[in-house]
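[1] Based on what follows, work out the 3D shape:
(one chain, ligands or ions: 2)
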Amino acid sequence: AAGASGGNDSYDFVVVANRLPVDRAQGPQGPEWRQSPGGLVTGLAPVMKRRSGAWIGWTGAPDEEIEPFDLDDMHLVPVRLSTDDVYSYYEGFSNATLWPLYHDVIVPPEFHRKWWDAYVRVNTRFARAAAASAAPGALVWVHDYQLQLVPGILRELRPDVKIGFFNHIPFPPYEIFAQLPWRRRILIGLLGADLVGFQRPSDTANFRRAVRRTLGYLARNSVVRVPASQQSPEHLCETGSFPISIDAGAMDALARDERIRKRAEEIREEVGNPRTLILGVDRMDYTKGIRHRLKAYEELLEDGRLSTESTTFIQIATPSRERLDYYKQIRRDVELAVGRINGDHSALGKAAVHYLHQSFPREEMAAFYLAADVMLVTALRDGMNLVAKEYVACRVEEDGVLVLSEFTGAADELRQALLVNPHDIAGLKNAITQAVHMTPEEAGRRMRRLRSKVRHDDVLQWASTFLDRLQMVGEQRERTHSV
Ligand code: ADP
Ligand code: G6P
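    Ligands and ions are numbered 1, 2, ... in the order given. Sure thing, here's the model as predicted:
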């Protein structure tokens, strides 16, 4: 798909995301590439490996000037972030303003004009990089809350390209969104796209309402009429929900691999062969409800409804956004709770909680999912939550129980999980107990339905649905503007 344009390679398909699929980290032998953390990369990497195109994003390290390079059939175009950009755009506006605002203000968002200036500056840089990599008429797919101004800027730079935007995290109710001092600019930025997609229908409805209330634009059904500006003619922006998924086939294959099955058995042995192994897997983030889950588990041990004689809990938490105060605080809270629970309830060789603040290769993650009888996903708010889908995809024997927060996007689809409100600790305790004691027949019935759901909507399907729709609305716009 590459062709020459102005001396640079240009591509018919361009993905723009804050992160590249790989992250530049310090290894024992100096800098090395690792898979970037988080669900966005888990979802997009398998898509990009099958469609040739360019991926524009940041390497995860400040002040690095790295030339475009090829990796696993993907063409990666690094965008440089200075130390101040990392502080003000990434840690500041993206993760201390937008992230908490879009996740139900679980912690208070901070509003700083300097951070906003950096957000505009960095979004402009990403839009220019996209404009330079896109072939005439290309499909450009912009991702997530860090880059909401890119569609608008890109439309001015390159009116010929078809622009899609997908928001991986929730879009908040208007009453919360309205707090944002730059709410108009964000909405205008997003509406530069031909197609704006969200995870859940409720996110899409929140966005349309914000557009009507803030801008007064007409929105008929799913289509917003965006009036002409000085730079661009009037156009239509389509909105809709496109729940993301995982590479279910790849996960299923890992779970059938003999080496990984053996590793799963080893994991069970290493934690003392409990009758019930409970698992939690999250980025270390205050949205994930790790404290609520630990509280419920601790009380169950205190009440004697669970015992470390027969049960153990493994909590894996990937390090995330570690310089931000609320992330330092959640880590402290979790570690304090783990220490207390183990002090009170562990015996030698029988830990109540095994806590791993580390990242693991996909194969090891699959082995953990295979080893676990009960999976706890108790997010207080989550766009989708791919961990829930990965657990289901790994349960090739059609056993195991998923306890799932109703505040995740995944809860819209995974109705046969034990759905919980993680704020309701008594309810959460009951759900965990129910999961631990569920009959194999009931667990199997539920898991079969969950598996057929995850198998049918996998991530390649998600990408094709979005991109086919984008192609169609983009062509409609071309026809309207050429007459
Ligand atoms: P988020 O995008 O908020 O991090 P998701 O549940 O959607 O949440 O996606 C998390 C992704 O990160 C999943 O693909 C999961 O397998 C992966 N992951 C989580 N913890 C680890 C870990 N400790 N090591 C490796 N991968 C992890
Ligand atoms: C979530 C966000 C992604 C982000 C990921 C990891 O999945 O939706 O945009 O990349 O978390 O967070 P990080 O800040 O490390 O990129």
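[2] what is the residue nearest to Pro37 when sequence neighbours are not counted paired to in the beta sheet?
    With C-beta to C-beta, 6 or more residues apart in numbering as the criterion, Pro37 has its nearest non-adjacent residue at 5.3 Å, and that residue is Thr318. Bear in mind the C-beta positions are built from the backbone N, C-alpha and C, glycine included. For Thr318, the beta-bridge partners under DSSP bridges are Arg283.
[3] Thr318 and ligand 1: what is the separation?
    Counting by C-beta to the nearest ligand atom, to the nearest Å, the gap from Thr318 to ligand 1 is 4 Å.
[4] Arg183 too?
    Distance, Arg183 to ligand 1, by C-beta to the nearest ligand atom: 24 Å.
[5] In terms of pLDDT, where does the nearest residue to that residue once chain neighbours are set aside sit?
    Nearest non-adjacent residue to Arg183, counting by C-beta to C-beta, 6+ apart: Thr214, 5.4 Å away. At Thr214, the model reports a pLDDT of 98.
[6] Which strand or helix spans Thr214?
    Assigned by DSSP states H and E, Thr214 falls within helix 201-215.
[7] what comes into contact with the helix or strand that contains Glu238?
    In the assignment (DSSP H and E), Glu238 maps to strand 235-241. Residues from elsewhere that reach strand 235-241, judged by C-beta atoms under 8 Å, 6 or more residues apart in numbering: 190-201, 203-204, 207-208, 219, 222-226, 469, 473, 476-477, 481.
[8] Tell me the buried residues within those residues.
    The neighbour count (16 or more other C-beta atoms under 10 Å) marks 190-200, 203-204, 207-208, 219, 224, 226, 469, 473, 477 as buried among these.
[9] Now, those that are in strands?
    Applying DSSP state E to those, the entries found in strands are 195-198, 219, 224, 226.
[10] Which secondary structure elements does the helix holding Thr214 sit against?
    Under the contact definition 3 or more C-beta pairs under 8 Å, 6 or more residues apart in numbering; DSSP states H and E, helix 201-215 sits against helix 174-177, helix 183-190, strand 195-198, strand 219-220, strand 235-241.
[11] Tell me the strands beside the shortest one, with direction?
    Right, strand 219-220. Each strand paired with strand 219-220, and its direction, by DSSP bridges: strand 223-226 (antiparallel).
[12] Could you do the third one as well?
    As defined by DSSP bridges, the strand partners of strand 195-198 come to strand 162-166 (parallel), strand 235-241 (parallel).
[13] Near ligand 1, which residues of this structure? Just list them.
    The chain comes close to ligand 1 at residues 38-39, 42, 281, 283, 316, 318, 358-360, 365, 384-387, 390, as judged by C-beta under 6 Å from any ligand atom.
[14] which one of those has the most neighbours?
    Taking other C-beta atoms under 10 Å as the neighbour criterion, Val387 ranks highest of the residues of the chain next to ligand 1 with 29 neighbours.
[15] Pull the contacting residues for that one.
    Shown in contact with Val387 (C-beta under 8 Å, 6+ apart): 281-282, 375, 377.
[16] Could I get the average pLDDT for the one helix or strand it maps to?
    Val387 belongs to helix 386-394 when assigned by DSSP H and E. Helix 386-394 shows a mean pLDDT of 98.
[17] Are there helices or strands packed against the helix or strand that that helix is followed by, and which ones?
    Using DSSP H and E, the next helix or strand after helix 386-394 towards the C-terminus is strand 401-405. Applying 3+ C-beta pairs under 8 Å, 6+ apart, one finds that strand 401-405 contacts strand 374-377, helix 386-394, helix 410-413, strand 418-420, helix 425-437, helix 440-456.
[18] how about the strands of the stretch 51-200 of the chain, start to end?
    54-58, 69-71, 74-78, 134-143, 162-166, 195-198 (DSSP state E, counting those that start in this stretch).
[19] With respect to ligand 2, which of the ones you listed lies nearest?
    Nearest of those to ligand 2, taken as C-beta to the nearest ligand atom: strand 134-143 at 7.0 Å.
[20] show me what contacts the residue in the chain that ligand 2 sits nearest to?
    As assessed by C-beta to the nearest ligand atom, ligand 2 sits closest to Gly38 within the chain, at 2.5 Å. Residues counted as contacts of Gly38 (C-beta under 8 Å, 6+ apart) are 19, 283, 320.
[21] what about the last one, is that helix, strand or coil?
    Using DSSP: H, G, I helix; E, B strand; the rest coil as the criterion, the local structure at Ser320 reads coil.
[22] ok, now which ones touch the nearest residue to it once chain neighbours are set aside?
    Leaving out its chain neighbours, the residue that sits closest to Ser320 by C-beta to C-beta, 6+ apart is Arg283, at 4.1 Å. Neighbour list for Arg283: 37-38, 317-318, 320 [criterion: C-beta under 8 Å, 6+ apart].
[23] who in the chain is up against ligand 2?
    Residues of the chain found near ligand 2 (C-beta under 6 Å from any ligand atom) are 18-19, 37-40, 144, 168-169, 320-321.
[24] Can you tell me which of those residues lies closest to Arg331?
    Nearest to Arg331 among the residues of the chain next to ligand 2: Ser320, at 9.2 Å, using C-beta to C-beta.
[25] Mind listing what's buried along the longest strand along the chain?
    Secondary structure assigned by DSSP E gives strand 8-19 as the longest strand of the chain. Buried residues in strand 8-19, counted by 16+ other C-beta under 10 Å: 9-19.
[26] next SSE after that strand?
    strand 22-27.
[27] which parts of that following strand are buried?
    Using 16+ other C-beta under 10 Å as the test for burial, strand 22-27 gives 22-24.
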